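In: From the sequence below, what's the structure:
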Amino acid sequence: MNYSRPITKYLKQEPEWDRIRKICGGWVRPITLADGRQMFVNEDGLLKGLRVNEEASRLAGTVIVGNAVVVGEVER
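Out: Residues are numbered from 1 along each chain as shown. I've put the predicted structure just below:
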């Protein structure tokens with residue numbers, strides 16, 4: 001089980017996939033947020049026992065575990 005506190009990293013432009021995977025700690029899956037931005041999260045986070053990411057969960061409207069990367073600016 002991973003006891004470190006998850007982070008949510010904000011980027012204006014999508015970086016290389018390797019950087020996203022490094023931040024998230026493995027294979028990632030995209031989630032489109034209600035405001036049009038993309039969030040990338042660890043695909044196997046629940047299986048790995050990662051902690052709930054409260055900030056990312058609020059943004060996504062669902063439970064997110066582990067580190068998350070949010071890409072883009074809020075569409076108006």
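
In: When you work out contacts or count neighbours from here on, use the C-alpha atoms and nothing else.
Out: OK.

In: Give the bridge partners for the most centrally placed residue in the chain, please.
Out: Central residue of the chain (C-alpha atoms, centre = their mean): Ala68, 2.0 Å from the mean position. For Ala68, the beta-bridge partners are Thr8, Val41 (DSSP bridges).

In: ok, it touching Arg5?
Out: No. Contact criterion C-alpha atoms under 8 Å: Ala68 and Arg5 do not qualify, at 11.6 Å.

In: who touches both of these two?
Out: Asn53 (C-alpha atoms under 8 Å, 6 or more residues apart in numbering).

In: how far away is the closest residue to Val65 other than its chain neighbours from Leu33?
Out: Nearest residue to Val65, sequence neighbours excluded (C-alpha to C-alpha, 6 or more residues apart in numbering): Val52, at 4.2 Å. Distance of Val52 to Leu33, computed by C-alpha to C-alpha, to the nearest Å: 18 Å.

In: Please apply the same query to Ala60.
Out: 6 Å.

In: go on, Leu50?
Out: The value you get for Leu50 to Leu33, if C-alpha to C-alpha is used, is 21 Å.
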